[in-house]
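[1] Okay, structure incoming, though there's no sequence with it:
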């Protein structure tokens, strides 16, 4: 049974930084793609960043490119999202997910999801 558990969310002022972590368990993840998505109130869930477990290829949404960095620690089965220069519009619940579709940026192609962690950016 795959489990994804996010942590690291919180309240931060605009311009600040947070690092989210996702602990993955239940299988070996080689061949999978790990993603971070977010959902703000009244909005659809959107792609933020993904990384292929094997090879470590990364893709970012244009809105976070240059500010966010996704990475993984294969030995510890952890996926990170380092978020810098946070903006008020980054406020959302952030979800970790994994997919067998290589490099996918589409939420419906993700099979497993964590419970989410709230990120709130204040002015």
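    Arrived safely, thanks for sending. Quick caveat: nothing in here was measured; it's all calculated off a predicted structure.
[2] quick one: contacts for the most centrally placed residue in the chain?
    Centroid-nearest residue in the chain, with C-alpha atoms, centre = their mean: residue 36, separated by 2.1 Å. Residue 36 sits next to 20, 22, 48, 49, 50, 70, 79, 81, 94, 95, 96, 97 when contact means C-beta atoms under 8 Å, 6 or more residues apart in numbering. No exception for glycine: its C-beta is placed from N, CA and C like everyone else's.
[3] got JSON lines for the residues you listed, with neighbour count too?
    Formatted as JSON lines, the contacts of residue 36 follow (neighbours: other C-beta atoms under 10 Å):
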{"residue": "20", "neighbour count": "23"}
{"residue": "22", "neighbour count": "26"}
{"residue": "48", "neighbour count": "24"}
{"residue": "49", "neighbour count": "24"}
{"residue": "50", "neighbour count": "27"}
{"residue": "70", "neighbour count": "22"}
{"residue": "79", "neighbour count": "29"}
{"residue": "81", "neighbour count": "26"}
{"residue": "94", "neighbour count": "23"}
{"residue": "95", "neighbour count": "23"}
{"residue": "96", "neighbour count": "27"}
{"residue": "97", "neighbour count": "24"}
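[4] The residue sitting furthest away from the middle of the chain and residue 25, how far apart?
    Most distant from the centre of the chain: residue 123, at 23.0 Å, with distances by C-alpha atoms, centre = their mean. Distance, residue 123 to residue 25, by C-beta to C-beta, to the nearest Å: 38 Å.
[5] And residue 94, by the same measure?
    19 Å.
[6] Can you get me a residue count around the residue lying closest to residue 45 once chain neighbours are set aside?
    Using C-beta to C-beta, 6 or more residues apart in numbering and skipping the chain neighbours, the partner closest in space to residue 45 is residue 39 (4.3 Å). Residue 39 sits with 15 neighbouring residues when counted by other C-beta atoms under 10 Å.
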